[in-house]
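# Show me how the following folds:
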Amino acid sequence: MKIFIDLLDDEFREIFPAALFEFKRKCEDYLIPKNIDRQHLAGLISAAYVNIAVNEVHQLAQRIACFEYNDEDIEDGFLQSKMGRFSLELKTDEVIDKVGKAFDEMKDIEMMIKMSGPEAGPLKEAWEHLNRDEFKEMYMGEFTTMLRHLEAQVWEHIVSRLKEILIVVEPMQPLSISKF
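Here you go, the predicted structure:
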């Protein structure tokens, strides 16, 4: 069973857009221009790669953390008072893997090239001349750094709000039923 807890309160809401904006700036101003010859098309290619990160981080932000417990924790219909098996897991590793996979597939740019028709020549040429291997290493490095920084901020927030999200379960008194 999973119990999702939304931690995006008013104080905390802006860290994700701020981190993504900084990541977008790094991609557009530094990473793509360094790895492409056609600077005037760098924005289109950068937008496609930034969009991958935005989509995945948006999904992460919707349900940032998840408490899980095992069925073994349930005894006689009630959770045991000892909650040792509860764990809090951020899904950042999953998101990093998804972004890496989407980077390799990169269907967005290929779709832009197809939809542009004959005018897509310069974009296609820029796409073909993009040093993808070097760019991927830098892109994934920046993305992972951004996500790990967000992860640290989330944990900081959780610790500061621990009293509000702490779940205390006290066992109920067992009912005794006797036969007449």
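# would you list every one of the helices in this structure?
15-26, 32-35, 42-62, 92-105, 107-116, 121-129, 132-160, 162-165 (DSSP state H).
# Contacts for the first one next, please.
Which is helix 15-26. Residues from elsewhere that reach helix 15-26 (CB atoms under 8 Å, 6 or more residues apart in numbering): 8, 46, 50, 53-54, 57-58, 61, 142-143, 146, 149-150, 153. (Glycine included, C-beta is placed from N, CA and C.)
# Just the endpoints, please. Distance across stretch 127-135?
End-to-end distance for stretch 127-135, by CA to CA, to the nearest Å: 12 Å.
# about what we covered before: just send the helices of the chain back as TSV, with mean neighbour count and mean pLDDT too.
Shown next, in TSV, are the helices of the chain (neighbours: other CB atoms under 10 Å; pLDDT from 0 to 100):
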stretch	mean neighbour count	mean pLDDT
helix 15-26	16	86
helix 32-35	18	80
helix 42-62	19	79
helix 92-105	15	86
helix 107-116	13	76
helix 121-129	15	77
helix 132-160	16	84
helix 162-165	9	56
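# just checking, residue 48 touches residue 111?
No - Residue 48 lies out of contact with residue 111 (CB atoms under 8 Å); the separation is 9.0 Å.
# First-to-last residue distance for stretch 21-36?
Span of stretch 21-36 from end to end, CA to CA: 21 Å.
# ah, wrong one, I meant stretch 116-130
19 Å.
# Just the residues contacting it, thanks.
Outside stretch 116-130, the residues touching it (CB under 8 Å, 6+ apart) are 32, 35-38, 40-42, 44-45, 109, 112-114.
# In TSV: these, plus distance to residue 123.
Formatted as TSV, the contacts of stretch 116-130 follow (distance: CB to CB, whole Å):
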residue	distance to residue 123
32	13
35	15
36	11
37	13
38	8
40	10
41	5
42	11
44	6
45	8
109	8
112	7
113	6
114	11
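# between those, which is closest to residue 134?
Nearest to residue 134 out of the contacts of stretch 116-130 is residue 35 (CB to CB; 5.8 Å).
# Check the gap between the closest one and residue 133 for me.
9 Å (CB to CB, to the nearest Å).
# what's the answer for residue 116, then?
25 Å.
# What of residue 34?
Counting by CB to CB, the gap from residue 34 to residue 133 is 13 Å.
# Done for today, thanks.
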